[in-house]
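Visitor: Take this sequence and fold it.
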Amino acid sequence: MSEWTVAWVPDPGEWGLLPNDEVLGVRDLPAAVAEIGLKPGDPVFVSPQFSVDVDLLDFVRSKEFRILDRETRRNYGTDYRLLLSFLSLRGVRWRDASEQDLSDYRDWRCNSPLNERRIGGAKWDREAAAFTRLYRWAKADPMPVDVGRREHRAAHSVSSRVSWLTPRTWRLWSNIGLRGHTHLGVPEPGWAARTEERNTSFVQLTLSSGLRRQEGGALLTFELPTQRLRHGRYCHGLVAAALTRSKRSRTFYASVDALGQVDAYVQSERAWAIARAQEAGRYERISQMRLITEVTHGRVPKVRWVDRAGREGEQKLDLLDWRERRWLFMEGPDGPEPAWLWLTEQGLPMLTDRWNTVFRNANLRCEEVLLTSDQRKLGRDFRLAEVRGKSPWATPHSARHSMALYMLILLNKLMETRFGLKPADRRDFALLFGDPWFLVMTLLGHADVETTRRHYLAPVSHLRLESILAITDTDPGKHEIEDLDGVFARLARETTGIQDVEILVDKLVDALPAVGS
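Guide: Sure thing, here's the model as predicted:
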């Protein structure tokens, strides 16, 4: 055997069943793990000889690794395991790896036709950053890989995970995938819709706000926006810094319609799940419950609580990550209930990665309804583009991408047609309010406008170029303002990557009700 394995230190209360008798000289495994300085979420690397690598254990406990957030530590841990297994096949200890070893590993990961799971440039750059951190800590000389050197980075590392669906395609996807509609636009007989309100509410909220999966998925009930903007169509709230990728809080905006659907979920499905959990005594068995006693307001809101042992605690709302949020409860009319917004059918917090399963099941449901049996036999990666496009495919991040693209197109169309701004007027408008790129960058929480441009430039540049070319047309009848559905349909025909259902199921789309109806 040459495969390394990695074990992850569980959170308190999630160790599962532990042996009653002493195992390997250890009576209390959680206490023993904590005693050597390991924390929840830390990786423990086990060699093919079933021994723990002490050097890697020291690295995991070092400040160089500890400074990373938990999700990054988990990603890096997986990257290290793959590299360790590769080096083990060569009989090379990780400390003795040469630049040639890492170059060969990169070639295997990115280029080898024998590797069925090759990765792209963006993924390699992340792995190279992980390896650089390890070898710098180990004081390797010379460094076998250094992400700071251009030759060790990918020449082209733009993420390929950008996924756009037009508004009416989202409507189709939601109604078929989440509401159980048939191709005729009516609910499937016998459709089990126990979590329909929750799932469609989450999609509407993320489509409206552009929140990431973790940002929207770990919201607490009292963090939902309630303060309307001047014209009343949108409300604004604050995303806690601990939930964002940049670790900086930011304002987000959500439509009143989307928030109304979330409120309907809170009053119906969510309340029902809580009542069932209370009847079953599930909350009484939660050891890490923190019952909120106060949520302060002001410039730096804080959450105060008392735990099962009667100990009082507090933390800034901005610093509560998703793990701590799972333990927060509020006193309801019939006893404690989770402060976490999105709940499972058992009334427990639905962890953010569970949304991937919800979206995957909706994708499969769309394929079942919209594709023939012969078309479904082929894996999605092997289908021709015209077949693959017959069934919409979405991920939680697709909602964020789609919101950004929608706003860019809307802002550009408003500035170029509705407002009739000339180039000089556009410059003045940008000085006063910011250009569309800057505005969407702010909505998404990107640190750099170039990040926004890199992901969304292609379709919007096409739109701008088409508008410029249209100016040369002398026929005034061709300058009418195009509706947004028409703009999206045209861009989907002429731009790679945008999913729209105009040609494939146009009549079916018209028959389907809106997502929020």
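
Visitor: quick one, phi/psi of the nearest residue to residue 344 once chain neighbours are set aside?
Guide: Nearest residue to residue 344, sequence neighbours excluded (CB to CB, 6 or more residues apart in numbering): residue 350, at 4.9 Å. The C-beta positions use only the backbone N, C-alpha and C, and glycine is treated the same way. Dihedral angles of residue 350 (phi, psi; degrees, to the nearest 10) stand at phi -90, psi 110.

Visitor: Please enumerate the strands of the stretch 151-300 of the chain.
Guide: For the stretch 151-300 of the chain, the strands defined by DSSP state E, counting those that start in this stretch cover 164-165, 227-228, 234-239, 250-255, 290-295.

Visitor: what's the closest of the ones you listed to residue 3?
Guide: When the strands of the stretch 151-300 of the chain are compared by CB to CB, strand 164-165 sits nearest residue 3, at 38.3 Å.

Visitor: now this structure, which segments are flagged as low pLDDT?
Guide: Within the chain, the stretches with pLDDT under 70 are 1, 18-26, 155-162, 230-232, 379-389, 411-484, 487-488, 490-497, 501-517.

Visitor: tell me, what residue is most central in this structure?
Guide: By CA atoms, centre = their mean, the chain has its centre lying nearest to residue 213, at 3.4 Å.

Visitor: Nearest spatial neighbour of it, chain-adjacent residues omitted?
Guide: That would be residue 396: by CB to CB, 6+ apart, it lies 4.0 Å from residue 213.

Visitor: Contacts only, for residue 143.
Guide: Shown in contact with residue 143 (CB atoms under 8 Å, 6 or more residues apart in numbering): 99, 132, 135, 136.

Visitor: In helices, which of those appear?
Guide: Using DSSP state H, the subset of the contacts of residue 143 located in helices is 99, 132, 135, 136.

Visitor: Can you redo these as TSV, where the extra columns are distance to residue 45?
Guide: What follows is the ones in helices among the contacts of residue 143, written out as TSV (distance: CB to CB, whole Å):
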residue	distance to residue 45
99	22
132	18
135	15
136	18
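
Visitor: Could you single out the nearest of those residues to residue 150?
Guide: Checking those against residue 150 by CB to CB gives residue 132 as the nearest, at 13.3 Å.

Visitor: My read is that that closest one contacts residue 146, right?
Guide: Yes: with contact defined as CB atoms under 8 Å, residue 132 reaches residue 146; the gap is 5.5 Å.

Visitor: Tally up the residues packed near the residue nearest to residue 344, please.
Guide: 23 (other CB atoms under 10 Å).

Visitor: repeat for the one 3 residues further on
Guide: Using other CB under 10 Å, residue 353 has 13 other residues around it.

Visitor: Now do the contacts for it.
Guide: Neighbouring residues of residue 353 by CB under 8 Å, 6+ apart: residue 213.

Visitor: Quick check: phi and psi on it?
Guide: Note on residue 353: backbone dihedrals following degrees, to the nearest 10 are phi -70, psi -10.

Visitor: how much space between it and residue 310?
Guide: As defined by CB to CB, to the nearest Å, residue 353 lies at a distance of 33 Å from residue 310.

Visitor: give me every residue that touches the residue nearest to the centre of the chain.
Guide: Applying CB under 8 Å, 6+ apart, the residues contacting residue 213 are 206, 352, 353, 355, 356, 396, 397.

Visitor: Over to the closest residue to the first one other than its chain neighbours. Which of the three states is it?
Guide: Computed as CB to CB, 6+ apart, the closest residue to residue 206 that is not its neighbour in sequence is residue 399, at 4.0 Å. Per DSSP: H, G, I helix; E, B strand; the rest coil, the local secondary structure of residue 399 is helix.

Visitor: and residue 399, what does it touch?
Guide: Residue 399 makes contact with 170, 203, 206, 207, 210, according to CB under 8 Å, 6+ apart.

Visitor: Would you point out the most distant pair within the contacts of residue 213?
Guide: The span of the contacts of residue 213, defined through CB to CB, is set by 206 and 353 at 14.8 Å.

Visitor: didn't residue 498 look like it was pressed against residue 164?
Guide: Yes: using CB under 8 Å, residue 498 is in contact with residue 164, at 4.5 Å.

Visitor: OK, contacts around residue 324?
Guide: Applying CB under 8 Å, 6+ apart to residue 324 gives the contacts 290, 315.

Visitor: Point me to the helix or strand that includes it.
Guide: Taking DSSP states H and E as the definition, residue 324 sits inside helix 322-325.
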